[in-house]
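Q: Whatever this is, show me its structure:
(one chain, ligands or ions: 3)
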Amino acid sequence: MPVDLVLSNAKVYTRRGIVKAGLAIDNGRIFRIAKETNLPQASTKLDLQGCVVLPGLIDMHVHLRDQQLAYKEDFFTGTSAAAAGGVTLTVDMPNNKPVTMSSKSLRERMKLAEKRIIVDVAFYSAFPATLGEIPSIVEEGAVGFKLFLSQRIGGLDIQDNDVLLRAFNKAGEMNVPVAVHAEDKEILENLKNKMKQAGRNDMNAHLEVHPPNAEMKAIQRIIQLAKESKVRVHFCHISSAAGLNAFLAAKKMGLSVTCEVTPHHLFLSHEHLKRCRTIALIHPPLRTNRDVKALWNALTHGLIDTIASDHAPHTIEEKEDKSIWDVKPGIPGLETTLPLLLTQVNKGNLALSDLVKMTSEKPAEIFNLKYRGSLDEGYLADLVVVDVHRKHKIDSSRFLSKAKYSPFDGWKVKGKPIKTFVNGQLVMDEGEIVAKPGTGEIVLWKNRSH
Ligand code: DOR
Ligand code: ZN
Ligand code: ZN
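A: Residues are numbered from 1 along each chain as shown. Ligands and ions are numbered 1, 2, ... in the order given. As a prediction, this is how the structure comes out:
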């Protein structure tokens, strides 16, 4: 019997390095990686003309929106943007309308997603008010919980350490990670009130409301709680040297903590705000060059676990509000992450193996996804074909996301995702979506080792 598909003439990224080989794919999985003469017959054959094949990216920080926020992004446009960016699995954040915080709200979200997604999607939930509901939310499908410390989203009083500790223990019992947006609510609110009272409405005021200290304090507080429980904590978008040092100290002590950085905190700093203005307004905000250097230094020393986009789309009107306090924080990132990182690989600033580790292997490990994150026989055929030499300019008007703006607009990059396969199916070809809505699958907690 022939297999479904053979991708020939490729450079395949495996844990043993890059091998000149072909890939045989059958039933959505990688059947064999071998020299062409050793591959089985296939119903369909595709010549990749010497391009590099990487494991599809697992972006563990994506706001897909939809439901009452579909005017910003919906499951189809968000996962199309993912496919265009070489991302084969997105993990969706719970700050939706309605908030994902119960098995019922999760089920409703999954029901909508099922018919609309182009790539695979897994879901975070916010914590419910009743901690006894945590197991049923996980059994419904949530692969992790998201805790926002900058504002209350979900059922918990985020200022109450006892409550958080009990929530952490419950999540730990279910062996799911807790992802944390670490900025201290009280610090933020006090500063914001002061700025507003002083009549400030400028970008610096926004920066002053989100000092590195607020990030560091929140990280230290959560580490203290993580010490007392058996939960695995993942720190989202670490942005400052102070926050990073607090995290690294915990890691040194042997706590099971992981972290993520975003491309915008790696490539942009205060000076980019002059040109990008409120387009680049995000939480946590862009930092100084010194902070950026600290992130890169940790990254090149293997101390950063993951890179995630924090794709957070809003309408352009929401991004350009006259009052700085009403501008919605967040930028689309799904379509820029891989080209930006491949450019650094081309420049010799980032090893390809580190890119793959931080964007595929580690995220799979954090969620215990057994057959994802690497290219190997038996693994799901989730892959991205990249032309590492292709030069292009980032052009947000061509984004598949509804959010057609970017602080990276006009940046010259080298390296481009040209084909994306999800479960063995071609979903993106040269920037176009070639699969039907509903091609992607929902990754449920109970199916994570399938
Ligand atoms: O910049 C941000 N955007 N930070 C957040 O915490 C939320 C996110 C969003 O959902 O837009
Ligand atoms: Zn966040
Ligand atoms: Zn986010």
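Q: Give me every residue in the stretch 1-150 of the chain lying close to ligand 1.
A: Residues of the stretch 1-150 of the chain lying close to ligand 1 (C-beta under 6 Å from any ligand atom) are 63, 95. C-beta coordinates here come from the backbone N, C-alpha and C atoms, glycine included.
Q: List the contacts of the residue of the stretch 1-150 of the chain found nearest ligand 1.
A: Ligand 1 sits closest to residue 63 of the stretch 1-150 of the chain, with a gap of 4.5 Å, by C-beta to the nearest ligand atom. Applying C-beta atoms under 8 Å, 6 or more residues apart in numbering, we find residue 63 in contact with 73, 92-93, 95, 310-313, 330.
Q: Give me the buried subset of these.
A: Among the contacts of residue 63, those buried by neighbour count (16 or more other C-beta atoms under 10 Å) are 73, 92-93, 95, 310-313, 330.
Q: Out of the residues you listed, flag the one nearest to residue 353.
A: residue 310 (23.5 Å; C-beta to C-beta).
Q: Over to the closest one: give its phi and psi.
A: Backbone torsions for residue 310, taken as degrees, to the nearest 10, come to phi 50, psi 50.
Q: And for the one 3 residues further on?
A: Torsion angles at residue 313 (phi, psi; degrees, to the nearest 10) stand at phi -80, psi 140.
Q: Helix, strand, or coil at the nearest residue to it once chain neighbours are set aside?
A: In space, and not counting its chain neighbours, residue 313 is closest to residue 403: 3.5 Å by C-beta to C-beta, 6 or more residues apart in numbering. Following DSSP: H, G, I helix; E, B strand; the rest coil, the label given to residue 403 is coil.
Q: Quick one: residues contacting residue 403.
A: By C-beta under 8 Å, 6+ apart, the neighbours of residue 403 are 72-73, 313-316, 331-332, 396.
Q: For the stretch 351-450 of the chain, which segments are assigned as strands?
A: 383-393, 412-422, 425-429, 432-433 (DSSP state E, counting those that start in this stretch).
Q: Which strand or helix spans residue 193?
A: In this structure, residue 193 sits in helix 185-197 according to DSSP states H and E.
Q: tell me which residues of that helix are tucked away?
A: Buried, per 16+ other C-beta under 10 Å, within helix 185-197: 185, 187-188, 191-192, 195.
Q: Tell me how many other residues crowd residue 38.
A: 11 (other C-beta atoms under 10 Å).
Q: Residue 100 too?
A: By other C-beta under 10 Å, neighbour count at residue 100 equals 26.
Q: Could you measure from it over to residue 126?
A: 6 Å (C-beta to C-beta, to the nearest Å).
Q: Which residues are in contact with each of these two?
A: Shared contacts of residue 100 and residue 126, defined by C-beta under 8 Å, 6+ apart, are found at residue 94.
Q: most residues in a single helix of the protein, which one?
A: The helix that spans the most residues within the chain, counting by DSSP state H, is helix 212-228.
Q: Can you give the distance from the following helix or strand past that one to the centre of its chain?
A: Past helix 212-228, heading to the C-terminal end, the next element that is a helix or strand (DSSP H and E) is strand 233-235. Relative to its parent chain, strand 233-235 has a centroid offset of 13 Å by C-alpha atoms, centre = their mean, to the nearest Å.
Q: so what secondary structure elements neighbour strand 233-235?
A: strand 178-181, helix 212-228, strand 257-261 (3 or more C-beta pairs under 8 Å, 6 or more residues apart in numbering; DSSP states H and E).
Q: CA atoms of the helix or strand bottoming out on mean pLDDT in the chain as CSV?
A: Every helix and strand in the chain was compared by mean pLDDT, DSSP states H and E; the lowest is helix 273-276, with a mean of 88. Presented in CSV, the C-alpha positions along helix 273-276 are these (Å, rounded to 0.1, in the frame of the first residue of the first chain):
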residue,chain,number,x,y,z
LEU,A,273,7.9,53.9,20.4
LYS,A,274,8.7,57.2,18.6
ARG,A,275,7.9,55.7,15.2
CYS,A,276,5.3,53.1,16.2
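Q: Return the set of buried residues in the next helix or strand after that helix.
A: Using DSSP H and E, the next helix or strand after helix 273-276 towards the C-terminus is helix 289-300. The neighbour-count check on helix 289-300 (16+ other C-beta under 10 Å) flags 291-292, 294-296, 298-299 as buried.
Q: Between strand 257-261 and helix 289-300, find me the angle.
A: 120 degrees (axes from the mean of the first three to the mean of the last three C-alpha atoms, to 10 degrees).
Q: Quick one: the helices in the stretch 1-150 of the chain, in order.
A: For the stretch 1-150 of the chain, the helices defined by DSSP state H, counting those that start in this stretch cover 75-84, 103-116, 134-140.
Q: Next to ligand 1, which bits of the stretch 201-350 of the chain? Give me the list.
A: Looking at ligand 1, the residues of the stretch 201-350 of the chain close enough under C-beta under 6 Å from any ligand atom are 282-283, 312, 329-330.
Q: For residue 435, which non-adjacent residue is spatially closest?
A: That would be residue 427: by C-beta to C-beta, 6+ apart, it lies 4.0 Å from residue 435.
Q: got a list of what residue 151 touches?
A: So residue 151 contacts residue 185 (C-beta under 8 Å, 6+ apart).
Q: now do residue 86
A: 54, 56-57, 338, 384, 386, 417, 420.
Q: Any chance of the backbone angles for it?
A: Dihedral angles for residue 86 - degrees, to the nearest 10 - are phi 80, psi 20.
Q: Dump the contacts of residue 86 to JSON lines, plus neighbour count and pLDDT.
A: Output for the contacts of residue 86, formatted as JSON lines (neighbours: other C-beta atoms under 10 Å; pLDDT from 0 to 100):
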{"residue": "54", "neighbour count": "26", "pLDDT": "98"}
{"residue": "56", "neighbour count": "31", "pLDDT": "98"}
{"residue": "57", "neighbour count": "32", "pLDDT": "99"}
{"residue": "338", "neighbour count": "27", "pLDDT": "98"}
{"residue": "384", "neighbour count": "27", "pLDDT": "98"}
{"residue": "386", "neighbour count": "25", "pLDDT": "98"}
{"residue": "417", "neighbour count": "26", "pLDDT": "98"}
{"residue": "420", "neighbour count": "29", "pLDDT": "98"}
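Q: quick one: low-confidence parts of the stretch 1-150 of the chain?
A: Counting by pLDDT under 70, the stretch 1-150 of the chain has no low-confidence residues at all.
Q: Residue 212 versus the spatially closest residue to residue 277 that is not a sequence neighbour, what's the distance?
A: By the measure of C-beta to C-beta, 6+ apart, the closest residue to residue 277 outside its immediate chain neighbours is residue 203, 6.9 Å from it. Using C-beta to C-beta, residue 203 is found at 17 Å from residue 212.
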